[in-house]
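Participant: Quick one: sequence and predicted model below, then my questions.
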Amino acid sequence: MQEISRKDEAKTYVAGLIARARKAQTAAEAFTQEDARRVAACIGWLAVRRAEAWGQASFDEIKMGDVESKVARTKARARGLMRDINEAKTVGVVEVDEAKQLVKIAKPVGVIGGIVPTTVPEGVVFIKAMNSLLGRNAIVLAPHPRAAKITYQVVDEIRTLLKRMNLPEDLVICIEKPNLDKTNELMRQCDLIIATGGSGLVKAAYSSGTPAYGVGAGNVVTVVDETADVKDFARKIAESQLNDLASGCSTENAAVIQRNVYDAAVAAMIGEGAYLCTPEDKEKLQATLWKDGHLNGDVIIKPAAHIAEKAGIAMPSDRNWILVEETGYGPDYPFSGEKLSVVVALYKYDAFDEAIALVNGIQAYSGAGHSCGIHSFDEDHILKFALATKTSRIAVRMAQGKSNAGNWNNGMPFTITLGCGTWGGNISSENITWKHHINTTWVAREIRDFKAPTDEELFGDVMKETTLFEGY
């Protein structure tokens, strides 16, 4: 009875939030494109101005990563989103195709349900709010219980900003005293789910009966071939590891290195502050990183010194990330999976096809469809790698932890939610952005003086293969 009562209570509570959001959304529906862009810009500028305060509050609550990285990420994401938003069309007629006599019109979704993870709560909140209001929607956010305080803070400050703009505060609402029942109810009652979180939560979003954009698990693998600049590779993979202590799903978890440059690449990584585990260290580290088959929350997204101390590894004090040599993948090789820590698994390969097979095998076990990278100056290798890997994005000679979700040095759309395609159990293989927060209406007019193509133009030489169609 208590279980039923709790679920009924959650249903009623969430219904009240949705009703408030729907009422507020009617005001957003009247936005012009300039209005919608201005609201998004104001939220983005608020994020830039409040980055230090939010970063410190986030660290104080979740005790993961580092404040400096969180501040830098918030400022970069807010500015980057505005790069894309300033070119976005989300109101009224957004596309005209004269040749095909088609017009596309953008319309709001309604009330969006935003799922907020533990790892980057402040970023997920303001980015989801910017994208939602740019599409003239309202959004109700479900915090993770371990990040509820910072989620409330960011939402409250955005609501205050909306009030100052003479807009309904309920365009952005946060669930209070979050629990799984309330989150599940939000996913059932909203119009669209944008789910950023663990695989279980994303599966729940897809099973809710509500349209959803979810994300798959990260477990980025990068290949280093014989043409690579190993010092540049080492500097960039170190940069990824130390960016919020590998909290991001795009952080490299493994490096697959050509045998002839393997020793030089390892030496270069050691030169960038890495510690190479001995076989004995590896056993200790494995026993510490995983407890009962799951990642140990006491050591993930923590400094390397903390991890080494917990594992009983005598690591020099000047080392700040960790290397582990590995040969296989799958459940018997846990280092081949996502580690959410400053730990990188190292693999050797001979022929390039072997590297591709390793990447696909590793990511079939963990991180399917998310991202992989390559450090190479061989364009044939780069194209072959892109064609043969089952992944949604490939970063070439870049720090993946700072490139997949958009950066100024590449053209990827800025986001914090990365679709992984059907490989990762997702509906989209794109970076989830403003364009996933709108509905569209197509207006079709008759094409006058059209001429239908002939069968010869359509089917070509296939029509001549008569033996294939005998009897049909």
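Facilitator: Great, that's in hand. Keep in mind it's a predicted model, so treat the numbers as computed, not measured.
Participant: Burial check on residue 97, number of neighbours?
Facilitator: With neighbours defined by other Cβ atoms under 10 Å, the count for residue 97 comes to 11. Where C-beta positions appear, they are placed from N, C-alpha and C, glycine not excepted.
Participant: now swap in residue 203 and tell me
Facilitator: 13.
Participant: same thing with residue 330?
Facilitator: Residue 330, neighbours per other Cβ under 10 Å, totals 13.
Participant: Which strand or helix spans it?
Facilitator: For residue 330, there is no helix or strand it lies in under DSSP states H and E.
Participant: Please tell me the pLDDT value assigned to it.
Facilitator: For residue 330, the pLDDT comes out at 97.
Participant: Surely it is in contact with residue 365?
Facilitator: Yes. Contact criterion Cβ atoms under 8 Å: residue 330 and residue 365 qualify, at 5.0 Å.
Participant: Please enumerate the shared neighbours of the two.
Facilitator: residue 336 (Cβ atoms under 8 Å, 6 or more residues apart in numbering).
Participant: Start from the N-terminal end of the stretch 301-450 of the chain and give the helices.
Facilitator: Secondary structure of the stretch 301-450 of the chain (DSSP state H, counting those that start in this stretch): helices located at 304-311, 352-365, 379-388.
Participant: Dump the ones you listed into CSV; add distance to residue 133 as well.
Facilitator: As requested, the helices of the stretch 301-450 of the chain are exported to CSV (distance: least, Cβ to Cβ, whole Å):
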stretch, distance to residue 133
helix 304-311, 39
helix 352-365, 35
helix 379-388, 35
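Participant: closest to residue 278 out of those?
Facilitator: Closest of these to residue 278 is helix 304-311, at 12.0 Å (criterion: Cβ to Cβ).
Participant: for the closest one, packing partners?
Facilitator: Judged by 3 or more Cβ pairs under 8 Å, 6 or more residues apart in numbering; DSSP states H and E, helix 304-311 is in contact with helix 279-289, strand 321-325.
Participant: what about the helices in the stretch 51-200 of the chain?
Facilitator: Under DSSP H, counting those that start in this stretch, the stretch 51-200 of the chain gives helices at 67-85, 121-134, 148-164, 180-189, 199-206.
Participant: Burial-wise, tell me which of the ones you listed comes out on top.
Facilitator: helix 121-134 (a mean of 29; mean count of other Cβ atoms under 10 Å).
Participant: ok and the helix or strand of the chain with the lowest mean pLDDT relative to helix 180-189, angle-wise?
Facilitator: In the chain, the helix or strand scored least confidently by mean pLDDT, DSSP states H and E is helix 199-206, which has a mean of 85. Here helix 199-206 runs at an angle of 40 degrees relative to helix 180-189 (axes from the mean of the first three to the mean of the last three Cα atoms, to 10 degrees).
Participant: Would you tell me what the next helix or strand after helix 199-206 is?
Facilitator: strand 212-213.
Participant: what helices or strands is the following helix or strand past that next one leaning on?
Facilitator: Once the chain leaves strand 212-213, the next helix or strand it forms, by DSSP H and E, is strand 220-224. In terms of contact count using 3+ Cβ pairs under 8 Å, 6+ apart, strand 220-224 is assigned the packing partners helix 230-242, strand 252-258, helix 352-365, strand 372-375.
Participant: And these: which comes nearest residue 77?
Facilitator: helix 230-242 (16.2 Å).
Participant: before we move on, what SS does residue 23 have?
Facilitator: Three-state call for residue 23 (DSSP: H, G, I helix; E, B strand; the rest coil): helix.
Participant: Can you tell me, leaving aside adjacent residues, what's nearest to it?
Facilitator: Closest residue to residue 23 apart from its sequence neighbours, by Cβ to Cβ, 6 or more residues apart in numbering: residue 170 at 6.8 Å.
Participant: mind checking pLDDT for that neighbour?
Facilitator: At residue 170, pLDDT is 98.
Participant: again, but for residue 407
Facilitator: For residue 407, the predicted pLDDT is 94.
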